[in-house]
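>>> Dropping a prediction and its sequence here:
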Amino acid sequence: MILDIYKDAIEYSAKDWKKLVILGVICLFSFLLLPLFLITGYNYRVINTAVHGIINGKDELPEFDNLFDMFIDGVKIVIVQVIYLIIPLLIFFIFTFVSGAFPGPASPVLMIIGCLITFIIGIITCLMSQMGMCHMAYHDGAFSKAFAFSEIKEAIDEIGWFKCIITYIGLIIISVVLASVVTLIVTGIFTVFGVSGAVLGADPSGVFILGAFINSLITMFLVGPYLSIFNSRSIGLLYTMQI
């Protein structure tokens, strides 16, 4: 079933390359912060489509319409993520403060324990956060449903905590591999051109600079948007495994 999710998400994310480029253009201006909410809002639409769909269905990529609504959805998702992030950060700062109050060998021991607890809580809150966004989408965007902890925990219990964790680890591995492969291919092509030019007596530096520039463009306008949609689709489909 997990492999079916990956297969669906990989194919789904490549259905419309024009929309990937549009999302890439928005990413280009994300340093202005406001476009960042549009990106998050679009990924939420991908999640929303997934939680109301089925694996290997005929879903299409969301449209870039009703931008104000997409922006508001993005703001809501960012707020959800920040609130969930506060929990492990708070635990970490508490242990940092407590360990500082105990000089000597007790301090590093407390810090190690604190980091371990923070890591475990971080994994739990990460799963709760992701499933919380899906839960909100499934309930027509009801913001309170992102914090319906008992319902979200029940959903994760039905899916299986181990299955959720394995799925997320798989998403990380696939994302890293895909991004690395594309980068290596483009780098390899321009390396061949650069070496060939050097053999012929030309200065290869311009070719390498162009290669780095092309790599950045591909990452910005294709690979980055593709992976964000891939991950959002996978998360949404994972949620449907308990429905």
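Alright, I've got the coordinates. Fair warning: this is a prediction, and the values are worked out from it, not measured in the lab.

>>> tell me the average confidence for the host helix or strand of F97?
Taking DSSP states H and E as the definition, F97 sits inside helix 67-100. Averaged over helix 67-100, pLDDT sits at 90.

>>> So which bits of it are buried?
For helix 67-100, a neighbour-count test (16 or more other C-beta atoms under 10 Å) marks 70-71, 73-74, 76-77, 80-81, 84, 87-88, 91-92, 95, 99 as buried. No exception for glycine: its C-beta is placed from N, CA and C like everyone else's.

>>> Same check on stretch 181-188?
182, 186.

>>> And the contacts of the helix or strand bottoming out on mean pLDDT in the chain?
Using mean pLDDT, DSSP states H and E, helix 205-218 stands out as the lowest-scoring helix or strand of the chain, at a mean of 81. For helix 205-218, contacts defined as C-beta atoms under 8 Å, 6 or more residues apart in numbering pick out 182-183, 186-187, 189-191, 193-194, 197.

>>> What of stretch 90-97?
Contacts for stretch 90-97 (C-beta under 8 Å, 6+ apart): 110-111, 113-115, 117-118, 121.

>>> among these, who's most crowded?
For the contacts of stretch 90-97, neighbours were counted using other C-beta atoms under 10 Å, and T118 has the most, 21 neighbours in all.

>>> In JSON lines: the contacts of stretch 90-97, plus pLDDT.
Compiled in JSON lines, the contacts of stretch 90-97 are given as follows (pLDDT from 0 to 100):
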{"residue": "L110", "pLDDT": "80"}
{"residue": "M111", "pLDDT": "83"}
{"residue": "I113", "pLDDT": "87"}
{"residue": "G114", "pLDDT": "84"}
{"residue": "C115", "pLDDT": "88"}
{"residue": "I117", "pLDDT": "90"}
{"residue": "T118", "pLDDT": "90"}
{"residue": "I121", "pLDDT": "91"}
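
>>> From the residues you listed, which land in helices?
If you go by DSSP state H, those have 110-111, 113-115, 117-118, 121 in helices.

>>> Output the contacts of stretch 90-97 in CSV; the columns should cover distance to L23.
Shown next, in CSV, are the contacts of stretch 90-97 (distance: C-beta to C-beta, whole Å):
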residue, distance to L23
L110, 44
M111, 41
I113, 42
G114, 38
C115, 36
I117, 37
T118, 33
I121, 32
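
>>> which of these lies closest to F149?
Minimum distance to F149 across the contacts of stretch 90-97 is 13.6 Å, recorded for I121 (C-beta to C-beta).

>>> Quick check, I39 in contact with L28.
No - I39 is beyond contact range of L28, at 10.6 Å (criterion: C-beta atoms under 8 Å).

>>> So if I had to pick from the two, which one is more boxed in?
I39 (21 against 13).

>>> Now do the same contact list for the more buried one.
So I39 contacts 23, 26-27, 30, 74, 228 (C-beta under 8 Å, 6+ apart).

>>> So which of the residues you listed sits lowest on pLDDT?
S30 (75).

>>> Do you have the strands of the protein handy? List them.
In chain order, the chain shows no strands, with DSSP state E as the criterion.

>>> Check which helices and strands the longest helix along it sits against.
Using DSSP H, we find that the single longest helix of the chain is helix 161-199. Contacting helix 161-199 under the criterion 3 or more C-beta pairs under 8 Å, 6 or more residues apart in numbering; DSSP states H and E are the following elements: helix 2-12, helix 106-138, helix 205-218, helix 224-239.

>>> let's see 7 Å
Identification of packing neighbours for helix 161-199 by 3 or more C-beta pairs under 7 Å, 6 or more residues apart in numbering; DSSP states H and E yields helix 2-12, helix 205-218, helix 224-239.

>>> okay, the shortest one in PDB with CA atoms only?
What that stands for is helix 2-12. Presented in PDB, the C-alpha positions along helix 2-12 are these (Å, rounded to 0.1, in the frame of the first residue of the first chain):
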ATOM      1  CA  ILE A   2       2.800   2.400   0.800                       C
ATOM      2  CA  LEU A   3       4.400   1.700  -2.600                       C
ATOM      3  CA  ASP A   4       1.100   2.400  -4.200                       C
ATOM      4  CA  ILE A   5       1.100   5.800  -2.500                       C
ATOM      5  CA  TYR A   6       4.500   6.600  -3.800                       C
ATOM      6  CA  LYS A   7       3.600   5.500  -7.300                       C
ATOM      7  CA  ASP A   8       0.500   7.600  -7.300                       C
ATOM      8  CA  ALA A   9       2.200  10.700  -6.000                       C
ATOM      9  CA  ILE A  10       5.200  10.400  -8.400                       C
ATOM     10  CA  GLU A  11       2.800  10.200 -11.400                       C
ATOM     11  CA  TYR A  12       0.400  12.800 -10.000                       C
END
